[in-house]
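Visitor: Sequence plus predicted model, see below.
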Amino acid sequence: MNFIEFTKEHLSFNEEQQEYWIEIPKEQIDTKIELVQIVNEDGSFSEADVEIGEDDLTYTVSLQFPANLRVNFSENIEQSEASNLATE
C-alpha cells in the first residue's frame with residue numbers, strides 16, 4: 001500500500017457546508033483510496049472520519065476539522081505487474 005501525506009495548509013474550507021476538503025487528482029493515486037488517517041502531533045496515526053467522493057478526474061476527501069492527513073491507496077495491479085515484468 002502506498003500513501004500521500006497532506007498538511008492542514010493543503011485543505012480548503014467550504015463555508016456553505018462548514019467542512020474542510022482536499023481534491024486529489026486520480027493520476028496521483030494508482031487505483032483507489034483505501035484508508036485516510038489523521039497524522040497526530042506525536043507522529044502516530046488515527047482513523048479519520050471523512051467522506052470520500054470521486055468523479056472522473058479527482059477524489060475529494062471531506063472532514064469536519066482541519067488535520068494533517070495520510071491518504072493510503074492501493075497499488076495499481078496492472079502497473080505492478082508491468083513493473084515486475086520489466087525487472088525480470
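Guide: Received it, and whenever you're ready, just let me know what you need. These numbers were taken from a predicted model, which means no experiment stands behind them.
Visitor: now K26: how far from P66?
Guide: From K26 across to P66, the span is 24 Å (Cβ to Cβ, to the nearest Å). The way it works is simple: take the backbone N, C-alpha and C, and place the C-beta from them, glycine included.
Visitor: and K32, how far is that from K26?
Guide: From K32 to K26 the distance is 9 Å (Cβ to Cβ).
Visitor: same check, this time on T7
Guide: From T7 to K26 the distance is 21 Å (Cβ to Cβ).
Visitor: Show me which of the two is the more surrounded one.
Guide: For T7 and K26, the more surrounded residue by other Cβ atoms under 10 Å is K26, and the numbers stand at 15 against 11.
Visitor: isn't that one right next to F73, touching?
Guide: No. The pair K26 / F73 is not scored as a contact, 10.1 Å apart, by Cβ atoms under 8 Å.
Visitor: Per-residue pLDDT of the most centrally placed residue in the chain, please?
Guide: Central residue of the chain (Cα atoms, centre = their mean): V71, 3.1 Å from the mean position. Per-residue pLDDT puts V71 at 96.
Visitor: quick one: strands adjacent to the one helix or strand it maps to?
Guide: V71 is part of strand 69-73, with elements assigned from DSSP states H and E. Strand pairing for strand 69-73, determined by DSSP bridges: strand 2-6 (antiparallel), strand 33-39 (antiparallel).
Visitor: Quick check: which of the ones you listed is nearest to G53?
Guide: Nearest to G53 among the strands paired with strand 69-73 is strand 33-39 (10.4 Å), distances taken as Cβ to Cβ.
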